[in-house]
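# here is my input, please return the structure:
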Amino acid sequence: MTESGDLQDLLAPKVYDETEYIIRAFDREGKTINVVTVDGGIDFMYSEGEILVREEQLERVLEILEPDSDREQVRNDPTRVRPVIEGVVLLTLPEIPVLDALDAIDQQLGRGTATPNHVLTVAGGVGTHCPATEPEEVYYDIEPFPSVCPGDGGDGVLIYLADTGLLRDAGTHSWLEGVHTGNAVEDADPPSPMTGTPPVIPAYTGHGTFVAGVMRCMAPEAEIIVTAAFEVAGSKLEADLVPRLEAALGLGADIFHLTIACMSRFDLPLIAFERWLRHVHKHRDVVCVAAAGNSGMDRKTWPAAFPGVIAVGALGGDWRGRASFSNFGPWVDVYAPGRNLVNAFATGTYTCYIYPYAGQVRNFYGMAKWSGTSFSTPIVTGLIAARMSRTGENARQAAAAVLAEARSQAIPGVGPVLLPSCDDQDACRKPAECCCHRHAHRPCAC
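Alright, predicted model coming up:
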């Protein structure tokens, strides 16, 4: 295991290209990102000069890291100690390297008292970052695959989608009509309108729209709020993401859909995320679904590996085996198709930046083919939402039933499997309360 040095010598070419792109993007935001590498891939990425600390141990941590004369000043300095979520604070270290500080804390207080401020990416992992591929060209006016279900599956269900935001013209695709952002300005993808003739499509642009499109194909009437939670090269620091998710608990969402993943130092749980999930689990009718990541490994990724989070891996193109890029292991709850899906994307030209296609120019006309656990995950979320509207079950009840179905059709050597399906039950045969009991602001369609 080696900390950042000459990354080009330490990482496989594809991983190096992706990692350098993320590092440069954070650098423009004034953040220094360090990388710990292992076996030609990424062990974990973190923000230098910052650690997350369990608040009940903050005093002990300060005793280890700070001189007696400075502790009170540090404790009361909001630029040094910032609350992240109840029970966890962000401690800034202006002089001590993060890994040195954590080693000292581990020796005296044990591992897990403090952790790096990890970089989370849209379903990234050790060997690669999401997507598993860059977007690929498709024919003009192609239909989505899997295709749009008929009927009103998902009606009355509210899904909070943390991703890269929503394309400004997403509503021109019929199956995305009505999908909206939390904030029309902050959650637009990309943040500034694309320019050029044809428009130049930045990396990661369209990811959130593609995910929402796959979700809507399974549950065409679900209400989806798409947020630009990962606006820095498809990435976000844990200390910045968790407060946003905490605030979103007030929206009354049935399903939190998180297209993010990261490996952590010593595979320890993300402590701020852990606290947020405690709050999620207090809402007995809410579920959280997360992508398992695209490293092709059995090592845990977070937040998918947390108990109570539905971790989704990807099937390959024939839907009979696991996709080579998909993470796997007993912590992955279900697998769904994630190779060569087709859905809504931006219009313009995209220049590949990842080996072996770096420099290749691709032309898009509002649709793309894409692969990754980012795109298998919304199939599962959509199937849960569709069942909720069909049966009147809450999200936890519907998720339990959907996962039971997946286990009943498990593929040997892979695990529980869900395939895209559409319910052909007439909308007015479902329980009348299913349309109305969860969100009073939604009209009843029964």
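
# who does the helix or strand hosting Leu99 touch, helix- and strand-wise?
Per DSSP states H and E: Leu99 is located in helix 98-109. For helix 98-109, the elements it packs on are strand 41-54, helix 58-65, strand 114-121, judged by 3 or more Cβ pairs under 8 Å, 6 or more residues apart in numbering; DSSP states H and E. Quick note: C-beta positions are derived from backbone N, CA and C, even for glycine.

# what mean pLDDT would you report for that helix?
Averaging the model's pLDDT scores along helix 98-109 yields 97.

# now the angle from that helix to strand 114-121?
140 degrees (axes from the mean of the first three to the mean of the last three Cα atoms, to 10 degrees).

# how close does Pro420 get to Ser376?
Using Cβ to Cβ, to the nearest Å, Pro420 is found at 10 Å from Ser376.

# residues shared between the contacts of the two?
336-337 (Cβ atoms under 8 Å, 6 or more residues apart in numbering).

# of the two, which one has the most company?
Neighbours of Pro420 and Ser376, each counted by other Cβ atoms under 10 Å, are more numerous for Ser376; the result is 27 against 18.

# by mean pLDDT, flag the weakest helix or strand of the chain.
Least confident helix or strand, the chain: strand 2-3 with a mean of 52, by mean pLDDT, DSSP states H and E.

# after that one, next one along is what?
helix 7-10.

# can you pull the buried residues of whichever helix or strand comes after that next one?
Next in sequence after helix 7-10, counting helices and strands by DSSP H and E, comes helix 13-28. Neighbour counts over helix 13-28 (16 or more other Cβ atoms under 10 Å) mark 14-19, 21-23, 25-26 as buried.

# turn those into a markdown table, columns for pLDDT and distance to Glu238.
Below are the buried residues of helix 13-28 laid out as a markdown table (pLDDT from 0 to 100; distance: Cβ to Cβ, whole Å):
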| residue | pLDDT | distance to Glu238 |
| --- | --- | --- |
| Lys14 | 77 | 25 |
| Val15 | 81 | 21 |
| Tyr16 | 82 | 23 |
| Asp17 | 84 | 24 |
| Glu18 | 85 | 19 |
| Thr19 | 88 | 18 |
| Tyr21 | 89 | 20 |
| Ile22 | 91 | 15 |
| Ile23 | 93 | 17 |
| Ala25 | 92 | 17 |
| Phe26 | 94 | 13 |
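
# CA-only coordinates of the strand or helix carrying Arg362 in CSV, if you can.
Applying DSSP H and E as the criterion places Arg362 in strand 361-370. This file holds the C-alpha atoms of strand 361-370, laid out as CSV (Å, rounded to 0.1, in the frame of the first residue of the first chain):
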residue,chain,number,x,y,z
VAL,A,361,-14.5,12.1,-30.1
ARG,A,362,-18.0,10.7,-29.8
ASN,A,363,-21.2,12.2,-31.1
PHE,A,364,-24.5,12.1,-29.2
TYR,A,365,-28.1,13.0,-30.1
GLY,A,366,-29.9,12.8,-26.7
MET,A,367,-29.3,9.1,-26.0
ALA,A,368,-26.3,6.9,-25.1
LYS,A,369,-25.3,3.4,-24.2
TRP,A,370,-23.6,3.1,-20.8
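
# residues in contact with it: which ones?
The contact list for strand 361-370, computed with Cβ under 8 Å, 6+ apart, reads 131, 133-138, 140-142, 144, 169, 172-173, 198, 201, 206, 210, 340-352.

# next one: stretch 191-207
Applying Cβ under 8 Å, 6+ apart, the contact partners of stretch 191-207 are 21, 122, 131, 134-135, 163-165, 167-168, 189-190, 228, 230-231, 233-234, 259, 344-351, 353, 363-364, 368, 374.

# quick one, the helix or strand where Thr209 lies and strand 361-370 angle?
Using DSSP H and E, Thr209 sits in helix 207-218. Here helix 207-218 runs at an angle of 40 degrees relative to strand 361-370 (the same axes, to 10 degrees).

# put the alpha carbons of helix 207-218 into PDB.
This file holds the C-alpha atoms of helix 207-218, laid out as PDB (Å, rounded to 0.1, in the frame of the first residue of the first chain):
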ATOM      1  CA  HIS A 207     -25.100  10.700 -15.500                       C
ATOM      2  CA  GLY A 208     -27.900  11.700 -13.200                       C
ATOM      3  CA  THR A 209     -30.300  12.000 -16.100                       C
ATOM      4  CA  PHE A 210     -29.400   8.600 -17.400                       C
ATOM      5  CA  VAL A 211     -30.000   7.000 -14.000                       C
ATOM      6  CA  ALA A 212     -33.300   8.800 -13.600                       C
ATOM      7  CA  GLY A 213     -34.300   7.600 -17.100                       C
ATOM      8  CA  VAL A 214     -33.600   4.000 -16.200                       C
ATOM      9  CA  MET A 215     -35.600   4.400 -13.000                       C
ATOM     10  CA  ARG A 216     -38.500   5.900 -14.800                       C
ATOM     11  CA  CYS A 217     -38.600   3.100 -17.400                       C
ATOM     12  CA  MET A 218     -39.400   0.700 -14.500                       C
END
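
# Met45 contacts Asn117, doesn't it?
No. Contact between Met45 and Asn117 fails when scored by Cβ atoms under 8 Å: they sit 10.0 Å apart.

# now for the lengthiest helix in the chain, which elements pack on it?
As assigned by DSSP state H, the longest helix anywhere in the chain is helix 373-391. For helix 373-391, the elements it packs on are helix 207-218, strand 255-258, strand 287-291, strand 309-315, strand 334-337, helix 395-408, judged by 3+ Cβ pairs under 8 Å, 6+ apart.

# could these be laid out in TSV, adding distance to Val148?
Listed next are the helices and strands packed on helix 373-391 as TSV, based on distance: least, Cβ to Cβ, whole Å:
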stretch	distance to Val148
helix 207-218	5
strand 255-258	18
strand 287-291	20
strand 309-315	20
strand 334-337	15
helix 395-408	19
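
# out of the ones you listed, which comes closest to Thr113?
Closest of the helices and strands packed on helix 373-391 to Thr113 is strand 309-315, at 22.9 Å (criterion: Cβ to Cβ).

# could you find the closest non-adjacent residue to Cys415?
Quick fix: residue 415 is Gly, not Cys. Tyr335 (5.8 Å; Cβ to Cβ, 6 or more residues apart in numbering).

# Arg322 is in contact with that neighbour, correct?
Yes. Tyr335 lies in contact with Arg322 (Cβ under 8 Å); the separation is 6.3 Å.

# what's the overlap in contacts for these two?
Shared contacts of Tyr335 and Arg322, counting by Cβ under 8 Å, 6+ apart, come down to 313-315, 414-415.

# in stretch 175-183, what counts as buried?
175-176, 179-182.

# closest one to Ile224 out of the residues you listed, please.
Val179 (4.7 Å).

# for that closest one, give me its contacts.
Going by Cβ under 8 Å, 6+ apart, Val179 touches 166, 170-171, 212, 216, 224, 226.

# having no further points to raise, I will conclude here.
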